[in-house]
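1. 3D, please:
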Amino acid sequence: MSASLLLAASLFLFPAPPQQDAKELAQSLLTQGAALFDKHDAAAMAATYLENGEIRLFIKEQNEPGYKRENRSGRPAIQEGYAEVFKNATPEMKSRNVVEAAKYLGDHTLVIEGTFQPDTNKADFVHFVQVRVKDGSAWKILTVDLFTVNN
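-> Numbering: from 1, shown residues only. You can find the predicted model right below:
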């Protein structure tokens, strides 16, 4: 039996240890994220991102072609963005994330698709795609793409 055949057979005999279900992990991370968002602490929110993290907001105006795009790159810019969002926040505002799909890309990358509702007392929400990277024991955010359509 050749060495490559033995290697291939061993992959089936000794599978990799199971990872936590991607969608379950994603919902747990994003439920924690919503609770943190509800505290309106821009520095704490920015700390959930990698130092070179990025937020990309894509805005579709009804009756306008294409999307407008706004970017926040790096933790300081992300913190400024959250500070702007929290300027008009009230203690009654409660947010919610819903994970629609999640998938591991290897052992250290998690891609999450879902919706975020900044205030559950309002119907407004955004769709998002988030990429998280394992940083020590934490799953830090590398990128978040937010998609919103203004009616």
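
2. Helix or strand next in line after the lowest-mean-pLDDT helix or strand in the chain, which one?
-> Lowest by mean pLDDT, DSSP states H and E among the helices and strands of the chain is helix 3-13, with a mean of 48. Toward the C-terminal end, the helix or strand that comes next after helix 3-13 (DSSP states H and E) is helix 22-37.

3. and that next one, which residues are buried?
-> Buried residues in helix 22-37, counted by 16 or more other Cβ atoms under 10 Å: 22, 25-27, 29-30, 33-34, 37. For the C-beta atoms, the positions are set from N, CA and C on the backbone; glycine is no exception.

4. next one: stretch 58-70
-> Phe58.

5. Check the offset of it from the chain's centre.
-> On the basis of Cα atoms, centre = their mean, to the nearest Å, stretch 58-70 sits 21 Å off its chain's mean C-alpha point.

6. Kindly report the same for stretch 131-145.
-> Relative to the centre of its chain, stretch 131-145 is centred 8 Å away, using Cα atoms, centre = their mean.

7. Now tell me what touches it from outside.
-> Applying Cβ atoms under 8 Å, 6 or more residues apart in numbering, the set of residues contacting stretch 131-145 from outside is 25, 29, 48-50, 52-56, 58, 107-112, 128-130.

8. Could you turn the buried ones of those into a ChimeraX selection?
-> For selection in ChimeraX, the members of the contacts of stretch 131-145 meeting the burial criterion (16+ other Cβ under 10 Å) are listed in this command:
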select :25,29,48,49,50,53,54,55,56,58,110,111,112,128,130
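
9. Inside helices: which ones of the contacts of stretch 131-145?
-> Among these, the members falling in helices (DSSP state H) are 25, 29.

10. got the contact list for the spatially most central residue of the chain?
-> Averaging the C-alpha coordinates of the chain gives a centre point, and the residue nearest to it by Cα atoms, centre = their mean is Gln130 (3.3 Å). With contacts defined as Cβ under 8 Å, 6+ apart, the neighbours of Gln130 are 30, 111-114, 141, 143-145.
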